[in-house]
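> Pasting the sequence and the predicted model now:
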Amino acid sequence: MQSCSSALCILILLISTFTTGSESAEPPVKVNLHDSATLPCSERCSGLVKWTVSHKDGDVLAECDQTSCRSVKEGYQMIHDQYLKGNLSLTITDADFTKRGWYTCECDGKDLCDVQLQIEPLNSTVQKKPGQSLVLDLDVSDPVEVIYNSTGAANQSSDQICTVDGCSLECEPEYEERVSAALQLRAVTPSDNGVYTIKTTGDEEVIHTYSVTVQDDQPCLDTDKGPAVPAWMFVLIAALVAVIVILAVKIVQLRRENQMLRNQRI
């Protein structure tokens, strides 16, 4: 009975430990590019509170104590009145892709909250003409992959076409000669229609999605019906017909007048 009781105590201790740890992890905060973001943390702390980038203890962003708050790095701030009330939230005034990641709030060196900041993926609609180049912005310095989803009704597919890691670019054989290091796809054709998704290779976070349409402005001719007749041709034909009709009427009138003159002479 003693051994069973000890095992039960250990199990309860482990459950309590994992539960406590999970409660300190806040859900991800998602904002649009360049919007302000608030990373929440509701805990009481009578000492020094610091917000840092996770895994970078020396990279302090903002901090508060009983007397005041200060921004260590520009663009990060805490509010002292909120700190005194137990609201230790950090505000990021301009959230961009460089600020993505995990942040830690600590009180006197003890971790209180871990919060992840995410940026909503960008969506772009692009229209190109055959022969033009398609430029895909990377937006981030992280290693990324480009996924192409074709939109053709006959053959829909989803494939990785390129990966970029710094200055290193690797593409599938059919794209090697067409893609440059800046992710510029040259000489596009209607077969390039589709959705191009750029996402990080590590956590597969979607960064940017491009919906691409390649279409020629000139309408195609229907070979079964032959070349289309321009509208001005119909106008010209109608005018010629009208002139012929008028001339025919005039000729008939002249003939009648001549006939009448002949009858009078007789």
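Everything's here; your move. These numbers were taken from a predicted model, which means no experiment stands behind them.

> CA only for contacts and neighbour counts going forward, please
Noted.

> Tell me who's in contact with Lys129.
By C-alpha atoms under 8 Å, 6 or more residues apart in numbering, the residues touching Lys129 are 188-189, 214-217.

> so where do the helices sit in the stretch 51-200 of the chain?
Using DSSP state H, counting those that start in this stretch, the helices of the stretch 51-200 of the chain run over residues 80-84, 173-176.

> Name whatever forms a beta bridge with Asn149.
Ser158, Val195 (DSSP bridges).

> Am I right that it is in contact with Tyr196?
Yes - the criterion here is C-alpha atoms under 8 Å, and Asn149 meets it with Tyr196 at 6.4 Å.

> ok so, going back, could you dump the contacts of Lys129 into JSON lines and include distance to Lys73?
Listed next are those as JSON lines, based on distance: C-alpha to C-alpha, whole Å:
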{"residue": "Val188", "distance to Lys73": "44"}
{"residue": "Thr189", "distance to Lys73": "47"}
{"residue": "Val214", "distance to Lys73": "45"}
{"residue": "Gln215", "distance to Lys73": "48"}
{"residue": "Asp216", "distance to Lys73": "51"}
{"residue": "Asp217", "distance to Lys73": "51"}
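
> Buried among these? Need that as a selection in PyMOL.
Typed into PyMOL, the line below selects the buried ones among these, using 16 or more other C-alpha atoms under 10 Å:
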select buried, resi 188+189+214+215
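
> Asn149 and Tyr196 - which one has more neighbours?
Using other C-alpha atoms under 10 Å as the criterion, Asn149 and Tyr196 rank with Tyr196 on top: 23 against 18.

> How about the contacts made by the more buried one?
Going by C-alpha under 8 Å, 6+ apart, the list of residues near Tyr196 reads 146-149, 209-212.

> Pull the contacting residues for the residue nearest to Glu43 when sequence neighbours are not counted.
Distances taken as C-alpha to C-alpha, 6 or more residues apart in numbering put Gly86 closest to Glu43, at 5.2 Å, once the chain neighbours are dropped. Residues near Gly86 by C-alpha under 8 Å, 6+ apart: 42-45.

> Please repeat the previous calculation with a cut-off of 10 Å.
Contacts for Gly86 (C-alpha atoms under 10 Å, 6 or more residues apart in numbering) come out as 41-46, 80.

> Could you do Arg186 as well?
Contact analysis of Arg186 by C-alpha under 10 Å, 6+ apart lists 130-135, 175, 177-180.

> One more pass at 8 Å, please.
Residues counted as contacts of Arg186 (C-alpha under 8 Å, 6+ apart) are 131-134, 178-179.

> what about the helix or strand hosting Ala238, average pLDDT?
Assigned by DSSP states H and E, Ala238 belongs to helix 231-265. For helix 231-265, the mean pLDDT works out to 82.

> and that helix, what other elements does it pack with?
Judged by 3 or more C-alpha pairs under 8 Å, 6 or more residues apart in numbering; DSSP states H and E, helix 231-265 is in contact with no other helix or strand.

> Neighbours of the closest residue to Val53 other than its chain neighbours, how many?
Distance criterion C-alpha to C-alpha, 6+ apart; nearest residue to Val53, sequence neighbours excluded, is Tyr103 at 4.6 Å. Residue neighbour count, defined by other C-alpha under 10 Å, stands at 20 for Tyr103.

> partner residues bridging Tyr103?
Beta-bridge pairing of Tyr103 under DSSP bridges involves Val53, Val115.

> and if you look at the one 4 residues further on?
Per DSSP bridges, residues listed as beta-bridge partners of Cys107: Val49, Lys110.

> tell me the contacts of it?
Here Cys107 is in contact with 45, 47-50 (C-alpha under 8 Å, 6+ apart).

> circling back: of the contacts of Arg186, which is the most crowded?
Neighbour tally across the contacts of Arg186 (other C-alpha under 10 Å): the maximum, 22 neighbours, falls on Val179.

> Give me the pLDDT value at it.
92.

> One more: the one 10 residues further on?
In the prediction, the pLDDT value recorded for Thr189 is 93.

> Next: Ser22.
Listed pLDDT for Ser22 reads 37.

> Quick check: the gap between Ala238 and Pro230.
Separation of Ala238 from Pro230 (C-alpha to C-alpha, to the nearest Å) stands at 13 Å.
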